[in-house]
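In: Turn this into a model:
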Amino acid sequence: MKIKDKDIYEIFLSLSYSQLKDLFRKAKSKQEQDFYMMLSNMVLQREQEKVRGK
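Out: The predicted structure follows:
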């Protein structure tokens, strides 16, 4: 499934940690908050891996 020629993974990669925090604050349910928190944690892990790799 594509959303306007972008897949979900590409959309995720384009989001910054601060954008995800903003989406978390605007979430309408606990489930939505959990989703954005999980994505935020993935972004942080990705950044930690970059730092460790240097």
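In: pLDDT weak spots in this protein?
Out: Within the chain, the set of residues satisfying pLDDT under 70 comprises 1-5, 54.
In: what residue is smack in the middle of this protein?
Out: The central residue of the chain, meaning the one whose C-alpha is nearest the mean C-alpha position (C-alpha atoms, centre = their mean), is residue 39 at 3.6 Å.
In: pretty sure it contacts residue 12?
Out: Yes: using C-beta atoms under 8 Å, residue 39 is in contact with residue 12, at 6.4 Å. Using the backbone N, CA and C atoms, a C-beta is placed for each residue, glycine as well.
In: give me the number of residues near residue 29?
Out: Taking other C-beta atoms under 10 Å as the criterion, the count of residues near residue 29 is 8.
In: Roughly how far does it sit from residue 36?
Out: Relative to residue 36, residue 29 is positioned 11 Å away (C-beta to C-beta, to the nearest Å).
In: What of residue 8?
Out: With distances taken as C-beta to C-beta, residue 8 is found 14 Å from residue 36.
In: Which one's more surrounded, these two?
Out: In this view residue 8 and residue 36 are compared by other C-beta under 10 Å, and residue 36 has more residues nearby, 19 against 10.
In: Which helix or strand contains the more buried one?
Out: Element membership of residue 36 [criterion: DSSP states H and E] is helix 30-53.
In: Now that helix - C-alpha only, PDB.
Out: Listed in PDB are the C-alpha atoms of helix 30-53, where the atom choice follows Å, rounded to 0.1, in the frame of the first residue of the first chain:
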ATOM      1  CA  LYS A  30      -3.500   6.100  24.500                       C
ATOM      2  CA  GLN A  31      -3.000   3.600  21.700                       C
ATOM      3  CA  GLU A  32      -2.000   6.500  19.300                       C
ATOM      4  CA  GLN A  33       0.300   7.800  22.000                       C
ATOM      5  CA  ASP A  34       1.900   4.400  22.400                       C
ATOM      6  CA  PHE A  35       2.400   4.200  18.600                       C
ATOM      7  CA  TYR A  36       4.200   7.500  18.400                       C
ATOM      8  CA  MET A  37       6.300   6.700  21.500                       C
ATOM      9  CA  MET A  38       7.400   3.500  19.800                       C
ATOM     10  CA  LEU A  39       8.400   5.300  16.700                       C
ATOM     11  CA  SER A  40      10.200   7.900  18.800                       C
ATOM     12  CA  ASN A  41      12.200   5.200  20.500                       C
ATOM     13  CA  MET A  42      13.100   3.700  17.100                       C
ATOM     14  CA  VAL A  43      14.500   7.100  16.000                       C
ATOM     15  CA  LEU A  44      16.500   7.400  19.200                       C
ATOM     16  CA  GLN A  45      17.900   3.900  18.700                       C
ATOM     17  CA  ARG A  46      18.800   4.700  15.100                       C
ATOM     18  CA  GLU A  47      20.700   7.900  16.300                       C
ATOM     19  CA  GLN A  48      22.500   5.900  19.100                       C
ATOM     20  CA  GLU A  49      23.700   3.400  16.500                       C
ATOM     21  CA  LYS A  50      25.100   6.200  14.400                       C
ATOM     22  CA  VAL A  51      27.000   7.600  17.300                       C
ATOM     23  CA  ARG A  52      28.300   4.200  18.300                       C
ATOM     24  CA  GLY A  53      29.400   3.500  14.800                       C
END
